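**Student:** Sequence first, then the predicted structure, then my questions.
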Amino acid sequence: MMFPENFLWGVACASYQCEGGWNEDGKGLSIWDEFTHIPGNVYNGDTGDTACDSYHRCAEDVALMKAHGIQAYRFSVSWPRIIPDGDGGVNEQGFAYYDSLVNALLENGIKPMITLYHWDLPSALQDKGGWLNRDIVAAFGRYAAVVAEHFAGRVDTYMTLNEPQCVTALGYVAGVHAPGWKLGEPEALKCYFNLCLAHSEATRQIRRAAPGAVVGLASCGRLCYPRVDTPAGRQGAYDATFDPTDWMFSMNVFLDPLFFRRYAEGSPKVVEDFAAKIPQADWDKMEKPDFIGVNVYQGDPVEEDGSKSPIPAGFPLTATKWKVTPEVMHFGILNVYRRYACPIYITENGLSCNDRVYLDGAVHDADRIDFLTRYLRELSKCLEDGVDLRGYLQWSFLDNFEWSSGYSERFGIVYVDY
């Protein structure tokens, strides 16, 4: 594997998944605080009330990163910890925690990278419709400005949103994530478009408040690779990226409006009908990110004609039953770069393992080492193909609260005794 000397190696976590301190020091309620306290929503009744207790273990977390030689830490700021009702007064006690974290990272030579929204929306905004209510765009822009102004000179890399595909499809349509709503496709499109507008407004506000900062986002969606590596097979993989039968989980449905001010070719009629009603003034508000963060765990093998290839019995799977498909780190990322011609960070990649403490007192990580070696070997081929690849952030730094799966999954390179 050959990576450039300035390639950034880091790890990632999210506020609700690791912080705890859910009702301390003036923090407001989030949709995940409420969702997890409703019986039946999360495996085993687990909540993020304590999680990894990072709210009280900041120094310990950073010391572990330093010991591991980690160069960057992507973490999310909890919106209701900073602005408890989402659009009112600023909670300085909330900033005190992130000040401690950012300062400790800088003192230890670790680059802080902030994600503004990793799903813990202030409940007060959800009560007004959440991402279905266009007023959230201005509120998110104000929140972005408050954070960027506060950290100007200390933080120079931001991601506005994490996985808007999951925000919409899992939270507002399937109902398996907070807020647990089950809306139809037209309402889902409103959420998606408001997320695009919110990213754009936040990007403008960050660039104003912290000149020189770079602003991206973390996207996810269907990525493919050719089952047989031939020139025709490669082309089939690129053509298969957007699946109109599962359009909510595509990179294109979120990124195309930002880059091209339109929706992807071949979109279903419900998307075309929605797009026809969007005024040009709204398209003109779209802001391209400075980089694309790609969260990638698995991909779909496809045939030369672009059709999905069946998964044979015995195919390698992770503990969470996701496919082990290293090739997607080459072909999938290459496809994203060819479509958008924008610098790329891998903002999440990793796996859940059946980690345990062995008789010798150690956690032997053979599965994770093998998985990451295979995926990074494929990722290095992107550089040979000319992809402007800036860094890799492993998910996750710590075993943590894995959303609707609670504490049943272990993604961390650091084992947590819950």
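**Tutor:** On my side now, so go ahead. Numbering: from 1, shown residues only.

**Student:** Quick check, central residue of this structure?
**Tutor:** Most central in the chain under CA atoms, centre = their mean is residue 162, positioned 3.5 Å from the mean C-alpha point.

**Student:** Looking at strand pairing, list the partners for that one.
**Tutor:** Counting by DSSP bridges, residue 162 is bridged to residue 218.

**Student:** Next, the contact list for it, please.
**Tutor:** 14, 76, 115, 117, 118, 119, 217, 218, 295, 347 (CB atoms under 8 Å, 6 or more residues apart in numbering). Heads up, the C-betas are built off the backbone N, CA and C, glycines and all.

**Student:** rerun that using 7 Å as the cut-off
**Tutor:** Residue 162 is in contact with 76, 115, 117, 118, 119, 218, counting by CB atoms under 7 Å, 6 or more residues apart in numbering.

**Student:** Please apply the same query to residue 141.
**Tutor:** Taking CB under 7 Å, 6+ apart, we find residue 141 in contact with 201, 202, 205.

**Student:** Grab the CA positions of the helix or strand hosting residue 140 and hand them over as CSV.
**Tutor:** Counting by DSSP states H and E, the element that carries residue 140 is helix 136-151. Extracted in CSV, the C-alpha atoms of helix 136-151 (Å, rounded to 0.1, in the frame of the first residue of the first chain):
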residue,chain,number,x,y,z
ILE,A,136,-35.0,24.6,10.1
VAL,A,137,-32.7,25.9,7.3
ALA,A,138,-32.2,29.3,9.0
ALA,A,139,-31.8,27.7,12.4
PHE,A,140,-29.1,25.3,11.2
GLY,A,141,-27.3,28.2,9.5
ARG,A,142,-27.3,30.2,12.7
TYR,A,143,-26.1,27.1,14.7
ALA,A,144,-23.3,26.6,12.2
ALA,A,145,-22.2,30.3,12.5
VAL,A,146,-22.2,30.1,16.3
VAL,A,147,-19.9,27.0,16.3
ALA,A,148,-17.6,28.3,13.6
GLU,A,149,-17.2,31.7,15.2
HIS,A,150,-16.4,30.0,18.5
PHE,A,151,-13.7,27.7,17.1
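
**Student:** Tell me which stretches of the stretch 101-250 of the chain form strands.
**Tutor:** Using DSSP state E, counting those that start in this stretch, the strands of the stretch 101-250 of the chain run over residues 111-117, 157-162, 214-219, 224-226.

**Student:** Please name every helix or strand in contact with the longest one.
**Tutor:** Under the contact criterion of 3 or more CB pairs under 7 Å, 6 or more residues apart in numbering; DSSP states H and E, the helices and strands touching strand 111-117 comprise strand 72-76, helix 92-107, helix 136-151, strand 157-162.

**Student:** In a markdown table, list these along with distance to residue 62 and mean pLDDT.
**Tutor:** Shown next, in a markdown table, are those (distance: least, CB to CB, whole Å; pLDDT from 0 to 100):
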| stretch | distance to residue 62 | mean pLDDT |
| --- | --- | --- |
| strand 72-76 | 8 | 98 |
| helix 92-107 | 4 | 97 |
| helix 136-151 | 16 | 98 |
| strand 157-162 | 17 | 98 |
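
**Student:** Of all those, which one is nearest residue 401?
**Tutor:** Closest to residue 401 of these is strand 72-76 (CB to CB; 12.9 Å).

**Student:** Could I get the CA-only coordinates of the closest one as PDB?
**Tutor:** This file holds the C-alpha atoms of strand 72-76, laid out as PDB (Å, rounded to 0.1, in the frame of the first residue of the first chain):
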ATOM      1  CA  ALA A  72      -7.200  13.400  13.300                       C
ATOM      2  CA  TYR A  73     -10.500  13.000  15.200                       C
ATOM      3  CA  ARG A  74     -13.800  13.500  13.600                       C
ATOM      4  CA  PHE A  75     -16.400  14.200  16.200                       C
ATOM      5  CA  SER A  76     -19.900  15.700  16.100                       C
END
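
**Student:** and the helix or strand following it, which residues are buried?
**Tutor:** Counting by DSSP H and E, the element after strand 72-76 in chain order, helix or strand, is helix 79-82. Within helix 79-82, the residues scored as buried using 16 or more other CB atoms under 10 Å are 79, 80, 81, 82.

**Student:** List the contacts of stretch 356-364.
**Tutor:** For stretch 356-364, using CB under 7 Å, 6+ apart, the contacting residues are 355, 415.

**Student:** try stretch 27-37
**Tutor:** Against stretch 27-37 from outside (CB under 7 Å, 6+ apart): 16, 21-22, 41-42, 47-48, 78, 80-81, 84-85, 91, 94, 119-124, 126, 178-180.

**Student:** Next, report how far the helix ranked longest in the chain is displaced from the centre of its chain.
**Tutor:** The longest helix of the chain (DSSP state H) is helix 185-209. Relative to its chain's centre, helix 185-209 lies at 15 Å (CA atoms, centre = their mean, to the nearest Å).

**Student:** from the contacts of residue 141, which is closest to residue 410?
**Tutor:** residue 202 (32.3 Å).

**Student:** Next up, the contacts around that closest one.
**Tutor:** Contacts for residue 202 were tallied using CB under 7 Å, 6+ apart; they are 116, 140, 141, 144, 160.

**Student:** For these, give me CSV that also has distance to residue 213.
**Tutor:** Compiled in CSV, the contacts of residue 202 are given as follows (distance: CB to CB, whole Å):
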residue, distance to residue 213
116, 12
140, 17
141, 15
144, 11
160, 12
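
**Student:** Let me know how buried residue 206 is, in neighbour terms.
**Tutor:** For residue 206, the neighbour count with other CB atoms under 10 Å is 25.

**Student:** Give me the nearest residue to it, chain neighbours excluded.
**Tutor:** residue 148 (4.4 Å; CB to CB, 6 or more residues apart in numbering).

**Student:** what's the spacing between that neighbour and residue 156?
**Tutor:** As for residue 148, its distance to residue 156 is 10 Å (criterion: CB to CB, to the nearest Å).

**Student:** Kindly present the strands of the stretch 101-250 of the chain as TSV, with separate columns for distance to residue 393.
**Tutor:** Converted to TSV, these look like this (distance: least, CB to CB, whole Å):
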stretch	distance to residue 393
strand 111-117	8
strand 157-162	10
strand 214-219	9
strand 224-226	21
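
**Student:** For residue 50, which residues are in contact?
**Tutor:** residue 20.

**Student:** which residues of the stretch 301-418 of the chain fall in strands?
**Tutor:** All strands of the stretch 301-418 of the chain, identified by DSSP E, counting those that start in this stretch, fall at 344-348, 389-395.
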